[in-house]
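J.: structure, please.
(4 chains)
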4 protein chains.
Amino acid sequence: MEKKTLLTDCPDAMGLISKITNICYKHQLNIIHNKEFVDHRHRQFFMRTELEGVFNDETFLFDLDRALPEGSHRRLVSSARKKVVIMVTKEAHCLGDILVKAYDGTLDIDIAAVVGNYDKLAGLVEKFDIPFHHVCHEGLSREEHEAKLLDCVNQYSPDYVVLAKYMRILTPGFVAQFPHRIINIHHSFLPAFIGAKPYLQAYERGVKIIGATAHFVTNDLDEGPIITQNVIPVDHNYSAEDMARSGRDVEKSVLSKALSLVVEDKVFVYGNRTVVL
Amino acid sequence: MEKKTLLTDCPDAMGLISKITNICYKHQLNIIHNKEFVDHRHRQFFMRTELEGVFNDETFLFDLDRALPEGSHRRLVSSARKKVVIMVTKEAHCLGDILVKAYDGTLDIDIAAVVGNYDKLAGLVEKFDIPFHHVCHEGLSREEHEAKLLDCVNQYSPDYVVLAKYMRILTPGFVAQFPHRIINIHHSFLPAFIGAKPYLQAYERGVKIIGATAHFVTNDLDEGPIITQNVIPVDHNYSAEDMARSGRDVEKSVLSKALSLVVEDKVFVYGNRTVVL
Amino acid sequence: MEKKTLLTDCPDAMGLISKITNICYKHQLNIIHNKEFVDHRHRQFFMRTELEGVFNDETFLFDLDRALPEGSHRRLVSSARKKVVIMVTKEAHCLGDILVKAYDGTLDIDIAAVVGNYDKLAGLVEKFDIPFHHVCHEGLSREEHEAKLLDCVNQYSPDYVVLAKYMRILTPGFVAQFPHRIINIHHSFLPAFIGAKPYLQAYERGVKIIGATAHFVTNDLDEGPIITQNVIPVDHNYSAEDMARSGRDVEKSVLSKALSLVVEDKVFVYGNRTVVL
Amino acid sequence: MEKKTLLTDCPDAMGLISKITNICYKHQLNIIHNKEFVDHRHRQFFMRTELEGVFNDETFLFDLDRALPEGSHRRLVSSARKKVVIMVTKEAHCLGDILVKAYDGTLDIDIAAVVGNYDKLAGLVEKFDIPFHHVCHEGLSREEHEAKLLDCVNQYSPDYVVLAKYMRILTPGFVAQFPHRIINIHHSFLPAFIGAKPYLQAYERGVKIIGATAHFVTNDLDEGPIITQNVIPVDHNYSAEDMARSGRDVEKSVLSKALSLVVEDKVFVYGNRTVVL
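T.: Below is the predicted model:
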């Protein structure tokens, strides 16, 4: 008996749930969890089906492909632990949270390595017996630096790259290597305060709530599909620095929530939006 | 073309989704929304299916009944507007919110009447051209009072009875007339602070968050199945009166949220819990 | 024995609290509540002092003026109920909430009149025995329309003007008549989604949280000082219409929270920010 | 120039703010932050004053003592980093969060040692070069075990003891050693679900929100003064285990928030309540 997850994403049509679940039934696969969603505006159907049984992937997918309409995507994902490379700059809170959660099993991931453009966090990473690579950007063009980063990351063939407060912008060339596989934490409630200094902007605008946003990285800065967001109240007592300090707990919980959803194969991307099933 | 909602609640078994959606498909009923949930602990299956098409209720339900396992419950509910009787004492906020929401269409209900054990809210109700009945409890035994209440409520044959800050305890006899059809708002985050003066208890306990709970009424005071809850932060600056005042906005939004879920047939009750699909 | 509130706003200096409270003490005024705040970035001091006693306003303010540094502002505000004119377009939820809250005393205001550029809400307003004025904008230039609005509003000499989903932009000329005295509810978590269709923008951006912002109106659209904000979670199940519907409860509670803070003289404006004491 | 914090807690009287700030002024101590609170119900005055200047503690406190009414408490606290001993059982999340926050400076504390009744977390603690003591309870009476614990803790003379998911009940004898100096995290929204298995209780009660509570430990189990609380929404999809897993992020952020408030001398205890200034 094995467990796998079937992810179906196709144009909506009558009888889709019935067709898909019939095929599971025919293959003697038990449905542990099933969630589906239809975007009526775009007539798109999404379904996530956790299955248990003895899988013959080839015949199962063959049957599915005959049943699904044209333009369908379906993936049958094993429940193996995902491999992750984390990229950082200087701030420890998001990294530390992921390290502790992976250590105690809350986050079921394999952290293959951590890569920093500064070496400040090497000590923390090494405490957890995980390789830390310092890939310094100084004196390098953006392209040269990213080439080095890419070499470093690719040696681990990660399923996902996590930007845990990595404070440099990645070029389209880098991003294209990992389509919808780079997860970033932005320290604001997007789309408010795009850019590098959101807490200062939030302070100056006098907002009463601040937040954080985890999203997939695309070529538009801070514009990729949003996975999770959360907020906390602030008031006039908060300086920009206070907001930044208070924001850390939100940033780290939002990032690790997003990471757990992604590695559990719960997140569909379509257009610039996510469906989380 | 009509719209109806099928609510299925039965022991879990393999292929249920497939069987039910097959029957919808066979009857040429289009699935607009479908949500299901399996309680693995209790091996119980729940599904809510919004359907569109030309219904032959009899043959559709006949087919369903043959397909579903023993111990199944299924209801095919029309999308007609539900009829509601509201019971109140003296506080206007929950009542006022429901009146305004029904008036502007946010809450798709038909308020048949409002019944109060005081007449304080008669003026507010009459502004909205809705009958108000003053059923005074003074000088009556609990049984006598409830007999009068029941007469008053029953003349409207309501689908649901809403206790919008009705501050008297109902007897099992009354409750039995409306199984899982009486919705109450309790002014605390249940199960904290059961009873009559939760804000005073909350103040004295020094809590930093207060809340409200909407639940179905059963024979155990404040122990019925919870539909929705919400909370707000408080601090040492709040007296018990301040908590009560601040709590009103939570109470009213929790109650009308619960009411909208119930009248949209989204709430299953089983045991002492609800499944909201 | 009377109650008044002293609002002090001045450049920060050593001993300010001591000086001000000494003067209260000397005048035999008891301090019921006192809150102060120093903005260290801008070296500005704010204090709100609720006083009880027998007031001689002239000598009290004379003493204060001698003690406070140059560039100080101080106001001694009576606790009389504030007079408010509400402006609306077609949506009932914010208006209805304020009407009910004023009716039951939750909001201690005197609603002098409601002015709408449509007459859709006349019926609701008249239920509460409050004058409704239909000042139609059709066939009029913006200036002509606002001149009529101004005539209509000014006959009531309101302390504050509340835009309860008034969906037209006001010109600088109108705004200048009521500096920091017009309160607006914007149906988004500002500064995200400035403009007319924030829920549609939020839907298209795929956000996971939506919100509402109450702010003073200045000449920059949706850019005035923020008084309160609040948010609710949403997900992929929400269409733009669902977001709008769910957003209504947030909008109304944010607006009436802001209004209650303002009429209780708890809000200082400086620059584009508020200090709420 | 030094920084110290004056904490005053006394029966309310006219002119207290004036008297205290006058004395600060006289001693040429600049007030950086000041917050006060009067509990009108109990006629008690609380003030927290952050001061900067050259301190002569003796004369300053002498002046204060002459000015304050009978029954006053006042403390002048240096801004030195507080020393903390953490007690744990088997769960890593709260401990891990505090370790990382102390490591990166978010939490300005000196973790003197960690004591566990199991040795499961020794590895994690030692990564941070902090002593871990395994004080096993097996085969010992409660009194014998606590005597050993006390020996172990006392060698570090901690300012505060933090129970970071320490899952055994402490006796009055132990608690009496650290009055209002032991901080516990309880994994529920107190006073709901007192006791050992709150998530199971929450699941069985069918609640829609779960929470965590940080409080000072007194002799009544889970009844001590509450410092902070927070909550997250749950629904029927959550098993008791899911609630426990989701609750971890709340527990850790509530505990470290409470700890930071306490070590910054912002928390007054009186009766069974806290005032957080």
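J.: looking at this, A:His133 is in a strand?
T.: Yes - assessed by DSSP: H, G, I helix; E, B strand; the rest coil, A:His133 belongs to a strand.
J.: count the neighbours of it for me.
T.: Close neighbours of A:His133, defined as other CB atoms under 10 Å in any protein chain shown, add up to 20. Glycine gets a C-beta too; all of them are placed from N, C-alpha and C.
J.: any figure for the gap between it and chain C?
T.: From A:His133 over to chain C the distance is 33 Å, taken as CB to the nearest CB, to the nearest Å.
J.: bridging residues for that residue?
T.: Counting by DSSP bridges, A:His133 is bridged to A:Val115.
J.: isn't it right next to A:Asn117, touching?
T.: No - judged on CB atoms under 8 Å, A:His133 makes no contact with A:Asn117 at a distance of 10.1 Å.
J.: show me what counts as buried in the helix or strand hosting A:Ile20.
T.: Secondary-structure element containing A:Ile20, defined by DSSP states H and E: helix A:16-26. Residues of helix A:16-26 classed as buried: A:Leu16, A:Ile17, A:Ser18, A:Lys19, A:Ile20, A:Thr21, A:Asn22, A:Ile23, A:Cys24, A:Tyr25 (neighbour count, 16 or more other CB atoms under 10 Å in any protein chain shown).
J.: adding pLDDT and distance to chain C, write those out as JSON lines.
T.: Shown next, in JSON lines, are the buried residues of helix A:16-26 (pLDDT from 0 to 100; distance: CB to the nearest CB, whole Å):
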{"residue": "A:Leu16", "pLDDT": "88", "distance to chain C": "17"}
{"residue": "A:Ile17", "pLDDT": "86", "distance to chain C": "16"}
{"residue": "A:Ser18", "pLDDT": "85", "distance to chain C": "21"}
{"residue": "A:Lys19", "pLDDT": "90", "distance to chain C": "22"}
{"residue": "A:Ile20", "pLDDT": "93", "distance to chain C": "19"}
{"residue": "A:Thr21", "pLDDT": "89", "distance to chain C": "21"}
{"residue": "A:Asn22", "pLDDT": "90", "distance to chain C": "25"}
{"residue": "A:Ile23", "pLDDT": "95", "distance to chain C": "25"}
{"residue": "A:Cys24", "pLDDT": "94", "distance to chain C": "23"}
{"residue": "A:Tyr25", "pLDDT": "89", "distance to chain C": "27"}
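J.: can you narrow those to ones near chain B?
T.: A:Ile17, A:Ser18, A:Thr21, A:Asn22, A:Cys24, A:Tyr25 (CB under 8 Å from any CB of the partner chain).
J.: what sits against the fifth one?
T.: By CB atoms under 8 Å, 6 or more residues apart in numbering or on different chains, the contact list for A:Cys24 reads A:Leu6, A:Asn30, A:Ile31, A:Thr49, A:Leu51, B:Ser18.
J.: try A:Ile183
T.: A:160-163, A:214-217, A:227, A:255, A:258-259, A:262.
J.: surely A:Ile182 and A:Tyr166 touch.
T.: No - checked against CB under 8 Å, the pair A:Ile182 and A:Tyr166 is beyond contact range at 9.6 Å.
J.: thinking again about what came up before, from the ones next to chain B among the buried residues of helix A:16-26, which is closest to A:Gln201?
T.: A:Ile17 (45.2 Å; CB to CB).
J.: distance of that closest one relative to B:Val115?
T.: Computed with CB to CB, to the nearest Å, the distance linking A:Ile17 and B:Val115 is 44 Å.
J.: A:Ile109 too?
T.: Separation of A:Ile109 from B:Val115 (CB to CB): 57 Å.
J.: return the per-residue confidence for the residue positioned nearest the centre of chain A.
T.: Taking CA atoms, centre = their mean, the centroid of chain A lies closest to A:Ile183, which sits 4.1 Å from it. What the model reports for A:Ile183 is a pLDDT of 98.
J.: now do the same for it: helix, strand or coil?
T.: Classified using three-state DSSP, A:Ile183 is strand.
J.: show me the beta-bridge partners of it.
T.: A:Val162, A:Phe216.
J.: the residue in the stretch 1-150 of chain A positioned nearest to chain C - how many residues pack around it?
T.: For the stretch 1-150 of chain A and chain C, the shortest gap (CB to the nearest CB) falls at A:Phe37, measuring 6.1 Å. Around A:Phe37 there are 20 other residues, counting by other CB under 10 Å.
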